[in-house]
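S.K.: Pasting the sequence and the predicted coordinates here, then a few questions.
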Amino acid sequence: MKENFWKRLPRPIFSLAPMEDVSDTSFRQLVMEISDPAFFHVIFTEFTSTDGLCHPVGCKNVISRLLVNDTEREVLKNKGFKIVAQIWGADPEKFYQATKLICTEMQFDGIDINMGCPVKKIVKQGGCSALIGRPALAKEIIQATKEASDLPVSIKTRTGTKKHDTENWIGALLENDPAAIILHARTQKDMSDVPADWREIKKAVSVRDQMKKDIPVLGNGDVISVEDALVKCAEAAADGVMIGRGIFHNPWFFNHPQPEVSIDDKLVLLWRHVSLFSQTWEAERNFAILKRFFKIYTTAFKGAAHLRAALMETHNANEVRAVLDDFEKWRRREEKT
Ligand SMILES: Cc1cc2nc3c(=O)[nH]c(=O)nc-3n(C[C@H](O)[C@H](O)[C@H](O)COP(=O)(O)O)c2cc1C
């Protein structure tokens with residue numbers, strides 16, 4: 001059994017959430033490069049289907065979700081961040097096989113089981129948040145994953161299905177001694193539509209303490225800054241936080257105090273993201289995925305809205321470069337007037 005890194009990370013632990021079509025190898029690399037290791041520790045892949053990984057043909061469609069570029073690997077090594085592969089499914093045998101594949105062919109520091117995604121087409125397949133309230137199946141899945149793996153196995157979940165059932169559900173999960181629990185403070189029904197209720201994180205921590213388990217509990221939901229994370233963690237007595245959409249408002253999130261970020265910093269990061277994404281995926285991933293990010297990099301400066309609108313019309317990296325060059329020329333003319 002490899003060392004359970006969760007136990008020796010500094011508190012509070014800061015992590016970036018698994019996010020489909022967001023936390024691919026290119027975005028992860030960029031975020032890590034601009035983050036302070038004092039305020040950032042663990043990064044997750046996008047969720048990856050165990051059925052897909054075990055399928056002789058389907059495997060090649062999903063395995064890219066677990067890709068770690070050589071350049072990302074360098075940053076992980078140099079800055080000491082941990083990377084966790086997130087998997088989902090409903091069949092313990094598939095968890096066993098998928099985990100074996102991950103452990104023998106890839107270099108991750110941990111495995112995370114998704115027991116939280118509320119999306120209907122996923123829930124219908126019996127995986128993710130469909131496991132909430134099904135402790136017997138959850139137990140089999142956790143055990144199969146642990147058996148196949150010498151890596152720490154964590155669980156990311158929600159507080160219940162229709163209403164919060166934190167004590168029962170987290171109590172049942174803790175019985176299986178996961179390496180960590182990341183609790184999104186919303187129910188399956190809540191999706192992301194209502195504010196996260198951090199009182200539920202505090203309840204989960206209390207259950208953990210009552211059960212006398214040495215298992216870190218991280219809270220997730222609506223954390224908007226490092227300061228906010230510190231307050232929420234202290235109030236809930238949580239071991240750490242996971243940041244999701246907060247990164248869309250600020251890619252420099254994981255720094256304290258926040259650095260001064262210039263227009264050039266934002267545009268250089270935008271271009272690096274576009275080039276890294278395009279080199280990594282070529283035709284394998286749709287260029288349109290990048291459009292969600294254009295807004296992240298083009299806020300709070302003169303001409304930002306105009307630049308963003310032009311970027312939204314682009315179809316490839318060359319077109320983005322041309323739009324950025326035009327914007328540069330416009331900026332220089334503006335500076336002279
Ligand atoms: C675009 C997007 C993709 C997501 N994909 C995943 C995923 O692959 N696995 C997962 O466990 N959660 C996923 N989530 C949920 C986030 O990990 C996180 O739990 C949620 O956004 C709540 O945190 P926040 O309020 O800080 O955003 C996703 C969320 C978003 C917005």
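M.R.: Received it, and whenever you're ready, just let me know what you need. Residues are numbered from 1 along each chain as shown.
S.K.: Is it correct that S192 is in contact with A185?
M.R.: No: S192 lies out of contact with A185 (CB atoms under 8 Å); the separation is 11.1 Å. (Glycine included, C-beta is placed from N, CA and C.)
S.K.: Name the residue in these two with the higher neighbour count.
M.R.: A185 (25 against 13; other CB atoms under 10 Å).
S.K.: Now do the contacts for that one.
M.R.: Neighbour list for A185: 159, 196-201, 219-221 [criterion: CB atoms under 8 Å, 6 or more residues apart in numbering].
S.K.: and if you look at I43?
M.R.: I43 sits next to 15-16, 23, 28, 31-32, 81-84 when contact means CB under 8 Å, 6+ apart.
S.K.: Now go through those residues and say which are in helices.
M.R.: If you go by DSSP state H, the contacts of I43 have 28, 31-32 in helices.
S.K.: any idea which of these is closest to A309?
M.R.: Out of the ones in helices among the contacts of I43, the one with the shortest distance to A309 is V31. That distance is 25.4 Å, counting by CB to CB.
S.K.: wouldn't the closest one be in contact with I247 here?
M.R.: Yes: taking contacts as CB under 8 Å, V31 lies within contact range of I247: 6.6 Å.
S.K.: How about stretch 218-227 and the ligand, touching?
M.R.: Yes: Stretch 218-227 comes into contact with the ligand when judged by CB under 6 Å from any ligand atom, the residues involved being 220-223.
S.K.: Report the distance from that stretch to the chain centre.
M.R.: A distance of 13 Å separates the C-alpha centroid of stretch 218-227 from that of its chain, computed with CA atoms, centre = their mean, to the nearest Å.
S.K.: can you give me the strands in the stretch 201-337 of the chain?
M.R.: Taking DSSP state E, counting those that start in this stretch as the test, the strands found in the stretch 201-337 of the chain are 217-220, 240-243.
S.K.: Out of the ones you listed, which one sits most buried?
M.R.: Across the strands of the stretch 201-337 of the chain, the average number of neighbours (mean count of other CB atoms under 10 Å) peaks for strand 217-220, which reaches a mean of 26.
S.K.: Can you name every helix or strand that that strand contacts?
M.R.: In terms of contacts (3 or more CB pairs under 8 Å, 6 or more residues apart in numbering; DSSP states H and E), strand 217-220 is packed against strand 181-184, helix 199-210, helix 226-236, strand 240-243.
S.K.: How is this protein divided into domains?
M.R.: When the chain is parsed into structural domains using automatic domain parsing, the resulting residue ranges are 5-249, 263-336.
S.K.: got the end-to-end distance for the longest one?
M.R.: It stands for domain 5-249. Its start and end residues considered, domain 5-249 measures 29 Å (CA to CA, to the nearest Å).
S.K.: swap in the last one?
M.R.: Start-to-end span of domain 263-336 (CA to CA) is 17 Å.
S.K.: quick one on the thing from earlier: could you tell me which residues touch both of V31 and I247?
M.R.: By CB under 8 Å, 6+ apart, V31 and I247 have these common neighbours: 16, 253.
S.K.: and V84, how many neighbours?
M.R.: When counting by other CB under 10 Å, one arrives at 25 neighbours for V84.
S.K.: Revised request: answer the last question for A196.
M.R.: Counted with other CB under 10 Å, the burial measure for A196 works out to 22 neighbours.
S.K.: roughly how far apart are it and R245?
M.R.: Here the distance between A196 and R245 works out to 11 Å (CB to CB, to the nearest Å).
S.K.: got the contact list for L9?
M.R.: For L9, the contacting residues are 41-42, 82, 216, 240, by CB under 8 Å, 6+ apart.
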